[in-house]
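**Student:** Predicted coordinates and the sequence they were generated for:
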Amino acid sequence: MNRTAQVSRQTAETKIHVVLNVDGTGQAQLTSGIGFLDHMLDQIARHGLMDLEVHCEGDLHIDGHHTVEDIGITLGQAFAQAVGDKKGIRRYGHAYVPLDEALSRVVVDFSGRPGLHMGVDFTSGMIGALDTQLVFEFFQGFVNHAGVTLHIDNLKGANAHHQCETIFKAFGRSLRAALEIDPRAQGVIPSTKGSL
């Protein structure tokens, strides 16, 4: 099974190229122009055991909004392409991840239906050069284009860096769990409808 994708997306605001291997080893090459976002994308790759390349040239002279949102969109498109008809996957994945005082839970369903439910009260408006409001925009772009239902809850946390890092680590681990091939259901679409 070859679960890989390459997606390029260009607008007047951003130029993005994503390469994804769902069945990788956690390697990442990341140049978004926002250092903390690169750090978070690295968590997805490392904890999801996926190989990920993200290269973005964005209008950061304005702010980070277009860059962060459009990377979420392009990454979602790459997952949709790589996963294909979803035969044999477990479909659901969840993870709890702590980092010192912070604890987050992420639950994902490769349902074919986009939906984001996010309960996170960041304790700071900025983490490095990343506006914490844009974390929601990243995940909204992702779910809309990956066709997943995603629940993200930061259950505890005082440090915004820790809050965000636990979210992205848990996101990577939940993706890994959902996309794992179930040896008892090889070639079967995990839905009573027969399609996702």
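**Tutor:** Happy to help now that I have it. Numbers count the residues shown, from 1 in each chain.
**Student:** Run through the helices of the chain in chain order.
**Tutor:** 35-48, 65-83, 133-146, 160-179 (DSSP state H).
**Student:** Which elements pack onto the first one?
**Tutor:** Meaning helix 35-48. strand 28-31, strand 51-58, helix 65-83, strand 130-131, helix 160-179 (3 or more Cβ pairs under 8 Å, 6 or more residues apart in numbering; DSSP states H and E). Every C-beta, even on glycine, is put in place using the N, C-alpha and C of the backbone.
**Student:** What residues sit buried inside stretch 170-189?
**Tutor:** 170-180, 189 (16 or more other Cβ atoms under 10 Å).
**Student:** could I get the residues you listed as CSV with pLDDT?
**Tutor:** Shown next, in CSV, are those (pLDDT from 0 to 100):
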residue, pLDDT
A170, 99
F171, 99
G172, 98
R173, 98
S174, 98
L175, 98
R176, 98
A177, 98
A178, 98
L179, 98
E180, 97
I189, 92
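**Student:** For beta bridges, what are the partners of the residue nearest to L37 when sequence neighbours are not counted?
**Tutor:** Closest residue in space to L37, ignoring its immediate chain neighbours: L130 at 5.5 Å, by Cβ to Cβ, 6 or more residues apart in numbering. L130 has the following beta-bridge partners by DSSP bridges: I127.
**Student:** ok, now how distant is the closest residue to G128 other than its chain neighbours from E69?
**Tutor:** Leaving aside its sequence neighbours, G128 sits nearest to F36 (Cβ to Cβ, 6+ apart; 3.8 Å). Applying Cβ to Cβ, to the nearest Å, the value for F36 to E69 is 15 Å.
**Student:** Between these two, point out the one with more neighbours.
**Tutor:** Between F36 and E69, counting by other Cβ atoms under 10 Å, E69 is the more crowded of the two (21 against 18).
**Student:** residues touching that one, list them.
**Tutor:** By Cβ atoms under 8 Å, 6 or more residues apart in numbering, the contact set of E69 is 134, 137-138, 140-141.
**Student:** By neighbour count, which of the residues you listed wins?
**Tutor:** Neighbour max across the contacts of E69 (other Cβ under 10 Å) = F138, 24 neighbours.
**Student:** The residue nearest to G128 is in contact with M126, isn't it?
**Tutor:** No - F36 is beyond contact range of M126, at 9.0 Å (criterion: Cβ atoms under 8 Å).
**Student:** Number of residues surrounding Y96?
**Tutor:** So Y96, with other Cβ under 10 Å, has 15 neighbours.
**Student:** what about the spatially closest residue to G76 that is not a sequence neighbour, how many neighbours?
**Tutor:** Among residues not flanking G76 along the chain, H145 sits closest, at 3.2 Å (Cβ to Cβ, 6+ apart). For H145, the count of nearby residues is 21 (other Cβ under 10 Å).
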